[in-house]
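> this one's sequence-less:
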């Protein structure tokens, strides 16, 4: 993997963490929304990530360097496969005076745990910051390489 590919890898990581932050924000924003049925109630959403695999031509590596470990090639980044809805049970409260109550007096709340979402937001934010630091470090390394010939 060349030094130039580091920017691609860190960029895909930043993009994935942005999507993760957006889903967390959506979950928190809808944490207290109510509904009169389970079918209409908001469900927590979470992104699913996977590794982007790069096909490396062994001729380009001079044949002497093998970049795979037990048949697995190095990752080239991360991609979002999709966003899935949580299948956890919805919160159900008996509130017969609520305007959104069903015929039995129950109101349905999303299956969003705000504390877990906040922890996920902090984790995504830190991962984003780490990718920014990786890009800054790679940039500084490339600038120093350019000054070696002077």
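Good, I have the coordinates. Only a predicted model underlies this, so the values are computations on that prediction, with no experimental measurement involved.
> buried ones in stretch 105-118?
Neighbour counts over stretch 105-118 (16 or more other CB atoms under 10 Å) mark 106, 107, 108, 109, 110, 111, 112, 113, 117 as buried. In this view, the C-beta of every residue, glycine as well, is placed from N, C-alpha and C.
> Redo those residues as TSV? Include distance to residue 95.
Shown next, in TSV, are these (distance: CB to CB, whole Å):
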residue	distance to residue 95
106	7
107	5
108	10
109	10
110	15
111	18
112	18
113	20
117	23
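> State the pair within the residues you listed that is farthest apart.
106 and 117 (24.0 Å; CB to CB).
> Now the element after the longest strand along the chain, going C-ward?
For the chain, the strand with the greatest residue count under DSSP state E is strand 75-85. Counting by DSSP states H and E, the next helix or strand C-terminal to strand 75-85 is strand 91-94.
> what is the rounded mean pLDDT of that following strand?
For strand 91-94, the mean pLDDT works out to 93.
> end-to-end on stretch 31-45?
Its start and end residues considered, stretch 31-45 measures 11 Å (CA to CA, to the nearest Å).
> pLDDT (mean, whole number) over that stretch?
90.
> SS state for the residue positioned nearest the centre of the chain?
The residue lying closest to the centre of the chain (CA atoms, centre = their mean) is residue 20, at 3.7 Å. Three-state assignment for residue 20 (DSSP: H, G, I helix; E, B strand; the rest coil): helix.
> distance of it from residue 9?
17 Å (CB to CB, to the nearest Å).
> Make sure residue 36 is actually in contact with residue 109.
No. Counting by CB atoms under 8 Å, residue 36 does not reach residue 109; the two are 11.5 Å apart.
> can you map out the strands along the protein?
45-53, 75-85, 91-94, 106-109.
> And these: which comes nearest residue 131?
The nearest among the strands of the chain, by CB to CB, is strand 75-85 at 9.8 Å.
> The closest one: which residues count as buried?
In strand 75-85, counting by 16+ other CB under 10 Å, buried: 76, 77, 78, 80.
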